[in-house]
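Just a sequence and a predicted model for now, questions to come.
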Amino acid sequence: MMSMKKIILGLGLLIALTGAALILFVTGTKYIGVHVALILIGAALARQSRYFDDNFYHNASPQAFYPTAGLLIPWFAWLAAVLVIYGLYVSFAIAPTDFQQGEAYRIIFVHVPAAWMSMVIYVAMAFWAGLGLILNARLSAMMAQALAPTGAIFTLLALVTGSLWGKPMWGTYWVWDARLTSELILLFLFLGFIALQSSIDDPRKADRAGALLALVGVVNVPIIYFSVKWWSTLHQGSSINMGAAPKMAATMFEGMIIMALAFWMYTIAVTLIRARCIILERERNSGWVKELATRESSGAKS
Amino acid sequence: MVIKARHKRFILIAIGLALLGLAATLIFNAFSSNMVFFYTPTQVDKGEVPHDTGFRIGGLVSPDSLKRQDDGLTVHFSITDTAKTVPVVYKGVLPDLFKEGKGVVAQGKVGPDGIFVASEVLAKHDENYMPPEAAEALKRAQAQGSTSLVMPK
Amino acid sequence: MQWESWSAFFNMGGYAFYVWLSFGLTALCVIWEVIALHNRNQAALRLIKLLAQQD
């Protein structure tokens, strides 16, 4: 079994790497020191716990992952809840009105985090699917499968909230410009991945087919991100750019970042929950799952 | 050296991805010229626009060009990219953000008199967000000849 | 605080429909996803228990 120490170190590693990725994404090279420090902390923790050394293949088994995920879920769920409350407070009580869009701009506090998450989740899904393909690891493929529905939901939310923002500001719910079209393609990629996986009965074959689709679709992510630079679009450019000061007031920027972090933590929590469901469904004939199910339903909930 | 099945698969995937990247690059080059959502007034002036079908013009609404007809629905204005200007006539409701000096994208056709008859007018706003007081201060600073555009905190 | 009254807050400068529908739909999706996952977990546990009893 996993020791408590290992679990705490694993949690630290996950948070450090998540923070490092977010800081890199938002500030570019400006806070490179913080970024490097976070990566070093993450690497040190990984080394310390030998998480990726001798125990990698043990920890990568669904049986070892199941209880670890169960311990991590409440942490991420509470973190998400606290961040959402704080984020909504900043978005509605602290952030001022906008000089040209008035109060309608406040849709940005769900629209942009949802759009960011749609892209981040797709890349994460493709990463796990690809890793599953290379290492032939079941758990990696299960992680990809667990990420897809949440990714589809955030993509749909980015499209719908964008549409609800476009109507009062631009004067239309929808236009076929490069940004909107490529985000719609992302939704089809998520739905295609889910449909392809569920249409193939043999789970290992389904994993391989899904992984290929996920990897092919990755080209769409930079297209979405740079579409507003490469082509003339109705959608405005990015307010947040690598290595440049954000083109928005500090409190507005803060609200957006906190909401994005909240969505991120929520994503990790629901993905771990879904991964546990997938493990139960796919390993239902193995002894440890049967033992666990009888134990959990006989009152002693973990 | 023994090549494991795992390594072989990895090499195959790497080759596949490289091919895919190449294909994507080629597709971009082919499409980038066709992925135009709107044309600028300069392009319209040079005739670099579709002649038989409708198209979109994007630019800024020229200052002091907006005139309403007596029916209250038909509006005349012109779109400029500061080099060239195209006169536009439109019958319909304008979006909230439509303002002189602000971004606009209009869909329609050039009439025989050289006036662009728009069937749809959309507002295009920029990616700057700030409180009205900050926008005022920025405007004043610009009027005084300050060239540095610093984002107010 | 940005608002003079609660009604001003709910009115969102005239954009209440668009702003509140955006936030409402997001909340709805989150709630739906959590409930769906809870049901999926329960169904999986029920099935496994059934399979275990058949052994």
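Yep, that arrived.

in what helix or strand does the closest residue to A:Ser286 other than its chain neighbours lie?
Nearest residue to A:Ser286, sequence neighbours excluded (Cβ to Cβ, 6 or more residues apart in numbering or on different chains): A:Gln63, at 7.9 Å. Placement of C-beta: from N, CA and C, glycine included. In the assignment (DSSP states H and E), A:Gln63 maps to helix A:62-89.

before we move on, back to that, surely the residue nearest to A:Ser286 is in contact with A:Trp288?
Yes - counting by Cβ atoms under 8 Å, A:Trp288 is a contact partner of A:Gln63 at 5.4 Å.

out of those two, which sits in the more crowded spot?
A:Gln63 (15 against 11; other Cβ atoms under 10 Å in any protein chain shown).

Now do the contacts for the more buried one.
Applying Cβ atoms under 8 Å, 6 or more residues apart in numbering or on different chains, one finds that A:Gln63 lies in contact with A:Glu283, A:Ser286, A:Trp288.

Can you give me the neighbour number for the second one?
Burial measure for A:Ser286: 14 neighbouring residues, criterion other Cβ under 10 Å.

What residues does chain A have near chain B?
Residues of chain A that fall close to chain B, judged by Cβ under 8 Å from any Cβ of the partner chain: A:96-101, A:105, A:108, A:130, A:133-136, A:168-172, A:175, A:177-178, A:215-216, A:219, A:230-234, A:236-239, A:245-250, A:252.

Take those residues and keep only those in helices.
A:108, A:130, A:133-135, A:168-169, A:178, A:215-216, A:230, A:250, A:252 (DSSP state H).

biggest separation within those, which pair?
A:Leu135 and A:Pro168 (48.9 Å; Cβ to Cβ).

what domains does the record give for chain A?
Annotated domains of chain A cover A:1-59, A:73-297 [automatic domain parsing].

Tell me which of those sits most buried.
Most buried of the domains of chain A, by mean neighbour count (mean count of other Cβ atoms under 10 Å in any protein chain shown): domain A:73-297, with a mean of 20.

And the average pLDDT for that domain is what?
Per-region confidence: domain A:73-297 scores 91 on mean pLDDT.

what's the answer for stretch B:135-153, then?
In the prediction, stretch B:135-153 has an average pLDDT of 67.

Also stretch C:19-26?
On average, stretch C:19-26 scores 97.

what's in contact with it?
Contacts for stretch C:19-26 (Cβ under 8 Å, 6+ apart): A:103-104, A:106-107, A:110-111, A:114, A:157, A:160-161, A:164-165, C:10, C:12.

Point out the residues in chain C that sit beside chain B.
Counting by Cβ under 8 Å from any Cβ, chain C has no residue next to chain B.

any idea how far A:Tyr86 is from the residue of chain B found nearest chain C?
Distance from chain C to each residue of chain B (Cβ to the nearest Cβ) is smallest for B:Asp96, at 8.9 Å. Distance from B:Asp96 to A:Tyr86, counting by Cβ to Cβ, to the nearest Å: 31 Å.

Equivalent analysis for B:Phe77, please.
44 Å.

Next to chain C, which bits of the stretch 1-150 of chain A? Give me the list.
A:92-97, A:102-104, A:106-107, A:110-111, A:114, A:149-150.

so which of those would you say is closest to A:Pro203?
Looking across these and measuring by Cβ to Cβ, the closest to A:Pro203 is A:Pro149, at 16.7 Å.

Does that closest one touch C:Glu33 like I think?
Yes - using Cβ under 8 Å, A:Pro149 is in contact with C:Glu33, at 7.4 Å.

what about the helices in chain B?
B:5-32, B:41-46, B:132-143.

Contact partners for the spatially closest residue to B:His76 that is not a sequence neighbour?
Excluding the flanking residues, the one nearest B:His76 by Cβ to Cβ, 6+ apart is B:Lys67, at 4.6 Å. The contact partners of B:Lys67, by Cβ under 8 Å, 6+ apart, come to B:Val75, B:His76, B:Phe77.

Counting neighbours, what do you get for whatever residue of chain B ends up closest to chain A?
Residue of chain B nearest chain A, by Cβ to the nearest Cβ: B:Pro95 (3.0 Å). A count of neighbours around B:Pro95, defined by other Cβ under 10 Å, yields 20.

How much space separates it from A:Gly166?
10 Å.

Looks like A:Ala126 contacts A:Leu212 (just checking).
No - counting by Cβ under 8 Å, A:Ala126 stays clear of A:Leu212, with 10.3 Å between them.

which residues in chain C form helices?
Under DSSP H, chain C gives helices at C:6-11, C:16-54.

Those into JSON lines, with extra columns for distance to A:Ile121?
Compiled in JSON lines, the helices of chain C are given as follows (distance: least, Cβ to Cβ, whole Å):
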{"stretch": "helix C:6-11", "distance to A:Ile121": "32"}
{"stretch": "helix C:16-54", "distance to A:Ile121": "13"}
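
so which of those comes closest to A:Met259?
Between the helices of chain C, helix C:16-54 lies closest to A:Met259; by Cβ to Cβ that is 9.8 Å.

Figure out how far the closest one is from the centre of its chain.
Put simply, helix C:16-54 sits 8 Å off its chain's centre (Cα atoms, centre = their mean, to the nearest Å).

likewise stretch B:72-89?
15 Å.

can I have that stretch written out in PDB, keeping just the CAs?
Output of stretch B:72-89 as PDB, limited to C-alpha atoms (Å, rounded to 0.1, in the frame of the first residue of the first chain):
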ATOM      1  CA  GLY B  72     -34.900  56.500 -38.400                       C
ATOM      2  CA  LEU B  73     -33.600  53.200 -39.700                       C
ATOM      3  CA  THR B  74     -31.300  53.900 -42.600                       C
ATOM      4  CA  VAL B  75     -27.800  55.100 -41.600                       C
ATOM      5  CA  HIS B  76     -24.900  56.400 -43.600                       C
ATOM      6  CA  PHE B  77     -21.300  56.200 -42.400                       C
ATOM      7  CA  SER B  78     -17.900  55.400 -43.800                       C
ATOM      8  CA  ILE B  79     -15.300  52.800 -42.800                       C
ATOM      9  CA  THR B  80     -11.700  53.800 -42.800                       C
ATOM     10  CA  ASP B  81      -8.300  52.200 -42.200                       C
ATOM     11  CA  THR B  82      -6.800  55.700 -42.000                       C
ATOM     12  CA  ALA B  83      -5.400  55.300 -45.600                       C
ATOM     13  CA  LYS B  84      -8.600  54.800 -47.600                       C
ATOM     14  CA  THR B  85     -12.300  55.300 -46.800                       C
ATOM     15  CA  VAL B  86     -15.400  53.500 -48.100                       C
ATOM     16  CA  PRO B  87     -18.900  55.000 -47.800                       C
ATOM     17  CA  VAL B  88     -21.500  52.600 -46.400                       C
ATOM     18  CA  VAL B  89     -25.300  52.600 -46.200                       C
END
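
Point out the other helices and strands that the helix or strand hosting A:Glu281 packs with.
According to DSSP H and E, A:Glu281 maps onto helix A:250-282. Packed against helix A:250-282, as judged by 3 or more Cβ pairs under 8 Å, 6 or more residues apart in numbering or on different chains; DSSP states H and E, are the following elements: helix A:4-27, helix A:62-89, helix A:108-135, helix A:138-169, helix A:287-297, helix C:16-54.
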